[in-house]
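Undergrad: Pasting the sequence and the predicted coordinates here, then a few questions.
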Amino acid sequence: MKITELYIDGSFAAPVAGGSFDAVNPATEEVFAHIAAGQAEDVDKAVRAARRAFDEGPWPRMPAAERAAALRRISKGISDRLAEISALETADNGKPLPEAEWDIGDAAFVFEYYADLAETDAANGPTPVDVGDARFESTVSTEPLGVVGAITPWNFPLLMAVWKVAPALAAGCCIVLKPSEHCSVTCAILAEIIDAADLPAGVFNLITGTGPEAGQALTDHPLVDKLAFTGSVATGRKVMTAAAAGIRTVSLELGGKSPFIVFDDCDIDKAVEWIVFGIFWNKGEVCSATSRVLVQKNLYPQLMARLTEVTEAIKIGAGDEDGVKLGPIVNKLQYDKVMAAIDSGKSSGAKLVTGGGRPDGMNTGYFIAPTIFADVPTDAEIWREEIFGPVVCINAFDTEEDALTLANDSAYGLAGAVMSDDLDRCERVAAKLRAGIIWINCSQPTFTQVPWGGYKSSGIGRELGTAGFAAFRETKQITRFDHSESWGWYIEPESAE
């Protein structure tokens with residue numbers, strides 16, 4: 001069994017207080033690794049190391065091309081170990097191996113993308129601004145923000161960490177990463193890869209540990225300049241409160257209850273394919289999952305029949321088994337939460353179409369059959385609150401206006417989707433959906449090059465794309481006065497003889 005270590009100031013070490021917690025394979029319920037349990041003292045060491053590296057070290061002042069070269073070494077390190085990391089991701093999280101391979105390949109690309117962006121940003125240089133007075137010359141530039149405390153989730157353990165680590169490093173920041181205690185193994189591998197990439201000591205630090213111990217210490221630390229968090233709304237509020245206390249920059253990528261509007265001119269198989277992908281990919285443990293599906297009434301009966309047929313044919317099993325498209329829920333705690341939500345749905349008056357419990361014969365592992373509820377009351381908890389599991393709620397609608405009213409009636413605004421052969425209608429609906437990410441005739445494809453983030457309770461700020469880089473830079477204006485001139489406000493200039 002692997003026993004991980006913390007990574008602080010360029011070295012691997014055990015936690016000061018010792019101690020570890022178990023990594024459990026959710027398909028077998030067996031322990032396969034032990035994770036170092038960092039606590040407040042370890043966090044303090046890591047933050048102080050990052051502070052020294054930022055204030056005194058070469059990284060923030062290094063030419064962008066050199067930082068980019070380091071990021072490309074990290075990317076290659078991930079690619080070289082893709083099979084190993086993917087297998088560990090599946091063992092830790094439960095997701096099917098092909099999904100894990102997709103995620104890890106994407107993580108390698110994120111480092112490549114931000115290496116390129118760092119070089120492009122440096123090449124652009126300061127931007128001159130005409131202020132309307134010839135005596136003044138102003139420029140606007142950006143510089144590294146500082147020390148970043150990053151707290152990342154368990155649903156995409158390595159990829160969500162990389163979404164923060166890669167742009168932060170590219171921007172010249174130093175970072176302390178605290179991954180979820182529920183899935184930390186692949187972030188420990190990331191630390192090994194970064195160590196081999198020969199970054200200056202303290203630029204990247206890894207603290208594994210629990211939220212109450214390590215996470216709280218990181219959010220409260222006064223030497224952190226920015227908190228970057230992905231996770232639940234409840235924890236996001238705590239992170240935002242901690243940031244407010246220190247007047248620090250914060251970015252939050254939180255939950256969602258995303259709608260998927262399907263009009264009656266759609267091809268049924270295409271619609272069903274994207275509905276299934278939108279909710280059962282990664283076992284529904286996706287913040288942007290399109291878990292509220294609205295189907296136009298004329299299509300509703302036929303679509304429900306085909307959706308049920310396809311859903312019941314999904315192969316369920318351990319993520320490393322061939323052909324598996326739905327793995328186990330990440331852990332017992334989340335399994336119990338999803339089952340409680342299903343029980344709530346059953347008592348709400350919604351119609352349970354399929355699923356709703358353990359698949360037959362699967363008594364070991366945290367497996368839940370893909371579940372469909374139909375005709376769901378719009379005030380029901382399963383319609384309004386994020387479940388974070390393989391559970392989809394379906395309702396019918398009459399008109400485009402009705403669909404938009406139902407879709408936007410949510411505290412969340414992370415994502416939304418619309419499907420129709422009428423592309424003008426798709427564009428019209430996309431413009432009216434109150435969410436940060438809109439898919440037309442698809443659901444869930446995510447690209448590093450475009451921004452990611454939501455409206456309302458789904459968060460603050462954006463990751464990925466150029467916005468993801470800018471989130472780790474500070475903006476500075478420099479204004480110069482023509483020194484050959486006199487200002488002459490308090491002291492009149494001497495008149496020329």
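TA: Cool, got the structure. Numbers count the residues shown, from 1 in each chain.
Undergrad: Tell me which stretches of the stretch 1-150 of the chain form helices.
TA: Listed in chain order, the helices of the stretch 1-150 of the chain (DSSP state H, counting those that start in this stretch) span 40-56, 64-80, 82-93, 97-124.
Undergrad: Kindly export the shortest one (C-alpha atoms) in PDB.
TA: Put plainly, it is helix 82-93. In PDB, the C-alpha atoms belonging to helix 82-93 read as follows (Å, rounded to 0.1, in the frame of the first residue of the first chain):
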ATOM      1  CA  LEU A  82      -0.800   8.600 -17.900                       C
ATOM      2  CA  ALA A  83      -1.600   4.900 -17.600                       C
ATOM      3  CA  GLU A  84      -0.500   4.800 -14.000                       C
ATOM      4  CA  ILE A  85      -2.200   8.000 -12.900                       C
ATOM      5  CA  SER A  86      -5.500   7.000 -14.700                       C
ATOM      6  CA  ALA A  87      -5.500   3.600 -12.900                       C
ATOM      7  CA  LEU A  88      -5.000   5.400  -9.500                       C
ATOM      8  CA  GLU A  89      -7.800   7.900 -10.300                       C
ATOM      9  CA  THR A  90     -10.200   5.000 -11.000                       C
ATOM     10  CA  ALA A  91      -9.200   3.200  -7.800                       C
ATOM     11  CA  ASP A  92      -9.600   6.400  -5.800                       C
ATOM     12  CA  ASN A  93     -12.700   7.900  -7.300                       C
END
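Undergrad: and the helices of the stretch 1-150 of the chain as a markdown table, adding mean pLDDT?
TA: Converted to a markdown table, these look like this (pLDDT from 0 to 100):
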| stretch | mean pLDDT |
| --- | --- |
| helix 40-56 | 98 |
| helix 64-80 | 97 |
| helix 82-93 | 98 |
| helix 97-124 | 95 |
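Undergrad: Include mean neighbour count and distance to residue 30 when you put those helices into CSV, please.
TA: Quick note: C-beta positions are derived from backbone N, CA and C, even for glycine. Output for the helices of the stretch 1-150 of the chain, formatted as CSV (neighbours: other CB atoms under 10 Å; distance: least, CB to CB, whole Å):
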stretch, mean neighbour count, distance to residue 30
helix 40-56, 21, 28
helix 64-80, 19, 27
helix 82-93, 22, 9
helix 97-124, 20, 17
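Undergrad: Dump those helices into JSON lines; add distance to residue 241 as well.
TA: Below are those laid out as JSON lines (distance: least, CB to CB, whole Å):
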{"stretch": "helix 40-56", "distance to residue 241": "18"}
{"stretch": "helix 64-80", "distance to residue 241": "33"}
{"stretch": "helix 82-93", "distance to residue 241": "29"}
{"stretch": "helix 97-124", "distance to residue 241": "29"}
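Undergrad: Point to the residue nearest the middle of the protein.
TA: residue 160 (4.5 Å; CA atoms, centre = their mean).
Undergrad: residues in contact with the nearest residue to that one once chain neighbours are set aside?
TA: Nearest residue to residue 160, sequence neighbours excluded (CB to CB, 6 or more residues apart in numbering): residue 152, at 4.7 Å. Contact analysis of residue 152 by CB atoms under 8 Å, 6 or more residues apart in numbering lists 160-161, 164, 177-180, 187, 230-231.
Undergrad: What residues are bridge-paired with residue 152?
TA: Beta-bridge partners recorded for residue 152 (DSSP bridges): residue 179.
Undergrad: pLDDT at the closest residue to residue 41 other than its chain neighbours, what is it?
TA: Excluding the flanking residues, the one nearest residue 41 by CB to CB, 6+ apart is residue 16, at 4.8 Å. At residue 16, the model reports a pLDDT of 95.
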